[in-house]
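In: How does the following fold in three dimensions:
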Amino acid sequence: MSEPFAESQTVPLAEGAETFGAQLLEMEKAIDAGAYQPGPWDRFIRAARNQPPAVRLALAEDAGRVSRKLHLRNGRATMPLERAILWESSATIIGAILLGAGVAWRSNVLALLGALTWTTTYQPLVKVAVGTALGMSFDYAYLEGSFEPRFKITYGTYLARPRWARILFHLSGIVGSPLGIYLASVLMAPNLPTSAKVCDVIFWIFNAVNLLALVGGTMGRRKLGPVRVAISSGGVAGAELHDAFTIVRG
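Out: Next comes the predicted model:
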């Protein structure tokens, strides 16, 4: 595991919006020229998220634009947000049909297929709903390594929100999958106790992994073994909590 990082290892918090704005413009020029190398964006967000509200609000538009360019720089295919939500909602309904049929016909295979569908679709639907309720918006959805769309947040709307809202948003990302498998287990229990127990095991595995990422991020870990903490919702929520504790102690 990597050593814990302290905020003093990133861009100093005393820097103002002008300095951060200049960093964004430099990144944007590099992206437009096809010369961007990983690193500057991560350093920017670790420092910018700790700035006062007025600074974060001033950076929101430029940060959203640069984040979008950075995300699309390799020609990633996208789809409209509405289509992706319809996709996820339809899959959730299909999962319910599979689960219901499995319970009614005492088919472990159908019931588990429905349960696994719910574990996949609940996570993005819950997170998008919570993010929207917290005043954040999303640019588009995209496919990457699976048939399930992922949702790209409008980063400026995220950055401008207070820390508690950003933490709550990421915590919502660790709720959906366990919730889906838990509800499936409850529905299976009367007719398919074995499948229900399988769901219970998956439920606790999800919770253990999410808790590990959350604790690692809160401790200031950048990686857990070979895995970057920042790729998980729990890890990012933990990183925000770490920053908050660091500022309080400072």
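In: contacts, neighbours, all on C-alpha from now
Out: Noted.
In: Report the secondary structure state of residue 116.
Out: helix (DSSP: H, G, I helix; E, B strand; the rest coil).
In: Retrieve the pLDDT associated with the residue lying closest to it once chain neighbours are set aside.
Out: Sequence neighbours aside, residue 181 is the residue nearest to residue 116 in space, at 7.0 Å (criterion: CA to CA, 6 or more residues apart in numbering). Looking at residue 181, its pLDDT is 98.
In: OK, contacts around residue 181?
Out: 115-116, 118-119, 199-200, 202-203 (CA atoms under 8 Å, 6 or more residues apart in numbering).
In: at 7 Å instead, please
Out: By CA atoms under 7 Å, 6 or more residues apart in numbering, residue 181 lies in contact with 115, 118-119, 199, 203.
In: Is there a neighbour count for residue 79? I'd like the number.
Out: 15 (other CA atoms under 10 Å).
In: so it bridges to which residues?
Out: residue 141 (DSSP bridges).
In: residues touching it, list them.
Out: Going by CA under 7 Å, 6+ apart, the list of residues near residue 79 reads 140-142.
In: Give me the mean pLDDT for stretch 52-72.
Out: Stretch 52-72 comes out at a mean pLDDT of 95.
In: buried stuff in that stretch?
Out: Neighbour counts over stretch 52-72 (16 or more other CA atoms under 10 Å) mark 55-70 as buried.
In: now stretch 239-249
Out: Result for stretch 239-249 [16+ other CA under 10 Å]: buried residues 239-244.
In: what's the closest of the contacts of residue 79 to residue 226?
Out: residue 142 (25.2 Å; CA to CA).
In: So that closest one is in contact with residue 75, correct?
Out: No - the criterion here is CA atoms under 7 Å, and residue 142 misses it with residue 75 at 11.0 Å.
In: so where do the helices sit in this structure?
Out: 17-32, 40-48, 53-72, 81-105, 108-133, 155-159, 163-172, 176-188, 193-218, 233-249 (DSSP state H).
In: and residue 16, what pLDDT?
Out: 65.
In: Also residue 6?
Out: For residue 6, the predicted pLDDT is 32.
In: Return the closest of the contacts of residue 79 with respect to residue 158.
Out: residue 140 (14.6 Å).
In: how about low-confidence regions in the protein?
Out: Applying pLDDT under 70 to the chain picks out residues 1-16, 248-250.
In: If we use 90, what do you get?
Out: 1-19, 74-77, 143-148, 220-232, 245-250 (pLDDT under 90).
In: and the gap between the nearest residue to residue 213 once chain neighbours are set aside and residue 66?
Out: Spatial nearest neighbour of residue 213, excluding adjacent residues (CA to CA, 6+ apart): residue 235 at 4.6 Å. Applying CA to CA, to the nearest Å, the value for residue 235 to residue 66 is 23 Å.
In: most distant residue from the middle of the chain?
Out: residue 105 (36.4 Å; CA atoms, centre = their mean).
In: could you list every residue that touches that residue?
Out: Residue 105 neighbours (CA under 7 Å, 6+ apart): none.
In: so the residue nearest to residue 213 sits right up against residue 229, yeah?
Out: Yes - using CA under 7 Å, residue 235 is in contact with residue 229, at 4.8 Å.
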